[in-house]
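>>> Kindly generate the corresponding structure for this input.
(one chain, ligands or ions: 1)
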Amino acid sequence: MRFSGLKVLTEGLTGNKGWGPHWRNPEPKPEYDIVLIGGGGHGLATAHYLAKVHGLTNVAVLEKGYLGGGNVGRNTTIVRANYMLPGNSEFYSHSLKLWEGLEEDLNYNVMHSQRGIINLVHSDGQRDAFVRRANSMCGQGDDGAMLDRAGVEKLLPFLDFEQTRFPIYGGLYHKRGGTARHDAVAWGFARSASDRGVDLIQQCEVTGIDVENGVVKGVQTTKGPIRAKKVGMVAAGRSSQVAAMAGMRLPIESHVLQAFVTEGLKPCLDHVVTYGMGHFYISQSDKGGLVFGGDLDMYASYASRGNLPLVEHVAEAAMTLMPAIGKAKMLRSWGGVMDMSPDGSFIIDKTDIEGLFVNAGWCYGGFKATPASGHTFAHLLATGTPHPTTVRHRLDRFRTGRGIMDEEATGSQHNLH
Ligand SMILES: Cc1cc2nc3c(=O)[nH]c(=O)nc-3n(C[C@H](O)[C@H](O)[C@H](O)COP(=O)(O)OP(=O)(O)OC[C@H]3O[C@@H](n4cnc5c(N)ncnc54)[C@H](O)[C@@H]3O)c2cc1C
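Residues are numbered from 1 along each chain as shown. So this is what the prediction gives:
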């Protein structure tokens, strides 16, 4: 089934009876060429690119819950390419280019909206850092421009420009940044992978990874054993638990990150705004809700819900930056489990076990990475060699100290993430 304007019109006029399910619901086969553990955004994107780019369709995605029920459906949907460090910069630039063609590629409306992101500047030091970042972004071929205070005020007149603790001096403006509808991203990748022959198996928890003489042989699941020539672990917040099934100890700590949404309001916020000093970021969804979030809950946990002190902290930051938000009713908050790596950057690599691959360490920023994570992980699984944009994202960097990357330039220090 292809989506088109004509199809939408015809279905609308004939009672919407012609829409089928977006993906098949197969039972697992006894054996696959490739099994992916985790039906989140990254697992589904990997399946799409394995089928589309490499013609590999004897592939299964095993998901313990339902497709898109993990972080891919829980994030604040920010998509950007404003990274600075060599390695991350190229990767996120690659990802944003994939986002820009994604709807056409998937024939699916993922509501990618390049509404622009403004990172607010509150000190001279921060301005210097953002000027440097803007230059790096432009050097990478992306866009980054500095706004002065008047420039920010013109775009975001409702911010509190009178507050004296963290006065707004300007902003870093990334015009191609924005948002996308997170569930639709999962559904679009799932539909495409399923149409191309990949089996998406829900309610199928992987409970063991079979390894014989250093070679992966398959997985044990709640739907029985499944043999596989290659296995990709793409389990985000559960990465350490899944890798432990193969006897591996990953350099990952899982932490909760919460997000919040208000009641639907008339359009009032055209951009994504980040307020680093208060650790707060906000955008408005197409339904009208103000979607916002803050920092991690700061203790390791696998619970998909957060603590009240963080709710208070985020609400305070919101009121400091944008006092008018106090008039909106907050409808819901929720949490997701973040796979935090020590240097804040991800891992896409082979493991020491032949045929077993790892995709993890996305921290709080893996949604924007979804297309490139899938694209580059599929490349590694299919060819055995890393994609040029992931050559630095090796697992052994934490053991050898070579190539550690740190988005905040703070060094490899667990408790800072
Ligand atoms: C509140 C919040 C806000 C965020 N905001 C942003 C943002 O604005 N921008 C951004 O870029 N990123 C953001 N992120 C991060 C982003 O959502 C994640 O980094 C990304 O979604 C992780 O990849 P994924 O989609 O594959 O994860 P998931 O959707 O979590 O997929 C992993 C899947 O693996 C499955 N699984 C786990 N164990 C097993 C098992 N044993 N067997 C079978 N299946 C298993 C899980 O059920 C899950 O469905 C945010 C996250 C949260 C929680």
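
>>> rest of the way, CA atoms for contacts and neighbours
Fine.

>>> residues in contact with the spatially most central residue of the chain?
For the chain, the residue whose C-alpha lies nearest the mean C-alpha position (Cα atoms, centre = their mean) is F367; its distance is 1.5 Å. F367 sits next to G41, V72, N75, T77, I78, V79, H182 when contact means Cα atoms under 8 Å, 6 or more residues apart in numbering.

>>> Apply 6 Å and report the result again.
For F367, no contacting residues are found, by Cα atoms under 6 Å, 6 or more residues apart in numbering.

>>> just the one 10 residues further on next, same as before
Under the criterion of Cα under 6 Å, 6+ apart, F377 has no contact partners.

>>> And the one 10 residues further on, by the same measure?
With contacts defined as Cα under 6 Å, 6+ apart, the neighbours of H387 are T376.

>>> where's it relative to the ligand, distance?
Separation of H387 from the ligand (Cα to the nearest ligand atom, to the nearest Å): 19 Å.

>>> what does the stretch 251-400 of the chain have sitting close to the ligand?
257-259, 335-337, 362-368 (Cα under 6 Å from any ligand atom).

>>> Need these in CSV (columns: pLDDT).
Shown next, in CSV, are those (pLDDT from 0 to 100):
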residue, pLDDT
L257, 95
Q258, 96
A259, 97
G335, 95
G336, 95
V337, 95
W362, 96
C363, 93
Y364, 91
G365, 92
G366, 97
F367, 98
K368, 98
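
>>> Just the buried ones from the residues you listed?
Among those, those scoring as buried are 257-259, 335-337, 362-368 (criterion: 16 or more other Cα atoms under 10 Å).

>>> how about the helices in the stretch 251-400 of the chain?
With DSSP state H, counting those that start in this stretch as the criterion, the stretch 251-400 of the chain has helices at 308-321, 370-383, 397-400.

>>> Pick the one among the residues of the stretch 251-400 of the chain next to the ligand closest to P167.
Minimum distance to P167 across these is 25.1 Å, recorded for A259 (Cα to Cα).

>>> can you tell me which residues contact the closest one?
Residues near A259 by Cα under 6 Å, 6+ apart: F292, G293, S333, W334.

>>> Leaving out the residues flanking it, which one is nearest to it?
Among residues not flanking A259 along the chain, G293 sits closest, at 4.6 Å (Cα to Cα, 6 or more residues apart in numbering).

>>> Run through the bridge partners of that neighbour.
Legend: beta-bridge partners of G293 under DSSP bridges are A259, Y281.

>>> Now for the spatially closest residue to I209 that is not a sequence neighbour, how many residues are close by?
For I209, ignoring the flanking residues on the chain, the nearest one in space by Cα to Cα, 6+ apart is V219 at 4.4 Å. Residues near V219, counting by other Cα atoms under 10 Å, number 24.

>>> And Q203, by the same measure?
Neighbour count for Q203, taken as other Cα under 10 Å: 14.

>>> ok, it to the ligand distance?
According to Cα to the nearest ligand atom, Q203 and the ligand sit 8 Å apart.

>>> just the buried members of the contacts of A259?
By neighbour count, with 16+ other Cα under 10 Å, the contacts of A259 hold F292, G293, S333 as buried.

>>> just curious, which of the residues you listed is nearest to the ligand?
Closest approach to the ligand among the buried ones among the contacts of A259 (Cα to the nearest ligand atom): G293, at 6.7 Å.

>>> distance between stretch 264-276 and the chain's centre?
20 Å (Cα atoms, centre = their mean, to the nearest Å).

>>> Sorry, wrong one. I was asking about stretch 193-207.
20 Å.

>>> Quick check: buried residues in it?
193-202, 204-207.

>>> Throw those into TSV and include secondary structure, thanks.
Below are those laid out as TSV (DSSP: H, G, I helix; E, B strand; the rest coil):
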residue	secondary structure
A193	helix
S194	helix
D195	helix
R196	coil
G197	coil
V198	coil
D199	strand
L200	strand
I201	strand
Q202	coil
C204	coil
E205	coil
V206	strand
T207	strand
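
>>> now these as a markdown table including distance to V121 and pLDDT?
As requested, the buried residues of stretch 193-207 are exported to a markdown table (distance: Cα to Cα, whole Å; pLDDT from 0 to 100):
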| residue | distance to V121 | pLDDT |
| --- | --- | --- |
| A193 | 42 | 98 |
| S194 | 45 | 98 |
| D195 | 46 | 97 |
| R196 | 46 | 98 |
| G197 | 48 | 98 |
| V198 | 46 | 98 |
| D199 | 47 | 98 |
| L200 | 45 | 98 |
| I201 | 46 | 98 |
| Q202 | 45 | 98 |
| C204 | 46 | 98 |
| E205 | 45 | 98 |
| V206 | 45 | 98 |
| T207 | 47 | 98 |
